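Colleague: Sharing a model that was predicted from the sequence below.
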Amino acid sequence: MILDNLFKNLIYDPVSVLGILVFYFLLVNLPISLGAVFRKKSSTTVRILTILVNLLISFQLLFRWSISGHFPISNLYESLYFLTWGISMGQLLIERKYQSPIIPSIAIPIELLTVAFACFVLPEDLKLSSNLVPALRSSWLIMHVSVVMLSYSALIIGSLLSTSVLFININQPLQIRSSSTGTGGYKITSNLTPNEIFDPVEFSHSEQLDTLSYQSILVGFVLLTLGLISGAVWANEAWGTWWSWDPKETWAFISWLFYAAYLHMRISKGWQGTRPALLATTGFLVVLVCYLGVNFLGIGLHSYGWIFG
């Protein structure tokens, strides 16, 4: 009976059904990922379930695109699933480079909370797809929103990786031997030979996570820069102004300045370990305010006007 109802609903409302399935897969994946942390061993089951989650969201967004006729990032419901897709994809890409149970254990809770918010907290009217006015059908807008959402995904993962570095070393001083930019995994030997100049150094778990955090934030910063530029181009095309200091625009710029300061401190000042980790952890809150907090104020062109509108 349950399966019959599921298949019937899948035919009539595939977007909602796939969204619910994503939630339950993440709910199953969460305790498995946390168990892998306690075992200190990465889990193949977690990766398989994450791949399934990513595929389900891909199909969900494709169905939404087919039904609505426009790229599925036009409202909060769609963008929340797109954000989850980006975080899960980033999780899988990072795990290909460095397999650690820490990585899914920080990504999956965020994915689960994001999907739960979309499924069970958002009002029904914010879940519905609507026809877009011509100004919102611009290719520049599609590029702007999709690139910004991917930048949020990368920045969230990078910030949470930095948080994990702090917790791993909570009872001991954190020492990072690599360079502040996550490179330099080599030390110069005392006796240089023509064929071997550098002797490789084996990095600790914290050093690997610190490097991955920097690299993820760097990718997110570049994407955020492209997103702001494309957004300005679209705004000029739609409204005749490059920048209007809308609350969302202002907080996006604050986020950009925050992570620019983070990268400056790492690259130019040589910050490593605890200080950039604390800065990146604070950056997670900045992104959260930029993405969700500003939208619910009920003011500005980017507002969904739900809580205070």
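Modeller: Alright, I've got the coordinates. Note that this is a predicted model, so its numbers are computed, not measured.

Colleague: Just the mean pLDDT for stretch 122-129, thanks.
Modeller: For stretch 122-129, mean pLDDT is 78.

Colleague: Can you list the neighbours in contact with it?
Modeller: 16, 64, 67-68, 72, 74-78, 80, 118, 304, 306 (CB atoms under 8 Å, 6 or more residues apart in numbering). All C-beta spots, glycine's among them, are computed from the backbone N, C-alpha and C.

Colleague: Could you list the low-confidence segments of the protein?
Modeller: For the chain, applying pLDDT under 70 flags the ranges 1-12, 130-137, 169-205, 238, 273, 294-309.

Colleague: tell me which strands and helices the longest helix seen in it is in contact with?
Modeller: Ranked by residue count under DSSP state H, the longest helix found in the chain is helix 205-239. The contact analysis (3 or more CB pairs under 8 Å, 6 or more residues apart in numbering; DSSP states H and E) places helix 205-239 against helix 76-97, helix 102-116, helix 139-168, helix 247-267, helix 274-288.

Colleague: Kindly reformat the contacts of stretch 122-129 as CSV containing distance to Ala261 and neighbour count.
Modeller: Shown next, in CSV, are these (distance: CB to CB, whole Å; neighbours: other CB atoms under 10 Å):
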residue, distance to Ala261, neighbour count
Ser16, 41, 16
Arg64, 37, 23
Ile67, 42, 13
Ser68, 39, 18
Pro72, 34, 22
Ser74, 32, 20
Asn75, 32, 17
Leu76, 29, 20
Tyr77, 33, 25
Glu78, 31, 25
Leu80, 28, 26
Ala118, 32, 22
Tyr304, 29, 19
Trp306, 32, 16
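
Colleague: that older thread, now render the helices and strands packed on helix 205-239 as JSON lines, adding distance to Leu209.
Modeller: Shown next, in JSON lines, are the helices and strands packed on helix 205-239 (distance: least, CB to CB, whole Å):
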{"stretch": "helix 76-97", "distance to Leu209": "10"}
{"stretch": "helix 102-116", "distance to Leu209": "6"}
{"stretch": "helix 139-168", "distance to Leu209": "5"}
{"stretch": "helix 247-267", "distance to Leu209": "14"}
{"stretch": "helix 274-288", "distance to Leu209": "9"}
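
Colleague: To Ser216, which of those lies closest?
Modeller: Smallest distance to Ser216 across the helices and strands packed on helix 205-239 (CB to CB): 3.3 Å, for helix 139-168.

Colleague: Buried residues, the closest one. List them.
Modeller: 140-166, 168 (16 or more other CB atoms under 10 Å).

Colleague: Could you tell me the angle between that helix and helix 102-116?
Modeller: With axes from the mean of the first three to the mean of the last three CA atoms, to 10 degrees defining the directions, helix 139-168 sits at 130 degrees from helix 102-116.

Colleague: if we can go back for a sec, so for the longest helix of the chain, what gets flagged as buried?
Modeller: 206-221, 223-224, 226-228, 230-235, 238.

Colleague: Spit out the contact partners of Pro104.
Modeller: Here Pro104 is in contact with Asn29, Ser33, Ala36, Ser42, Ser43, Val46, Arg47, Thr50, Gln91, Glu95 (criterion: CB under 8 Å, 6+ apart).

Colleague: what's the residue closest to the geometric middle of the protein?
Modeller: Ser153 (1.4 Å; CA atoms, centre = their mean).

Colleague: Break the protein down into its structural domains.
Modeller: 1-132, 133-176+203-309 (automatic domain parsing).

Colleague: For the shortest one, what is the distance to the chain centroid?
Modeller: Averaging C-alpha positions (CA atoms, centre = their mean, to the nearest Å) puts domain 1-132 13 Å from its chain's average.

Colleague: just the last one next, same as before
Modeller: Mean-position distance between domain 133-176+203-309 and its chain equals 9 Å (CA atoms, centre = their mean).

Colleague: that's a strand at Phe71, yeah?
Modeller: No: the assignment for Phe71 by DSSP: H, G, I helix; E, B strand; the rest coil gives coil, which leaves it out of any strand.
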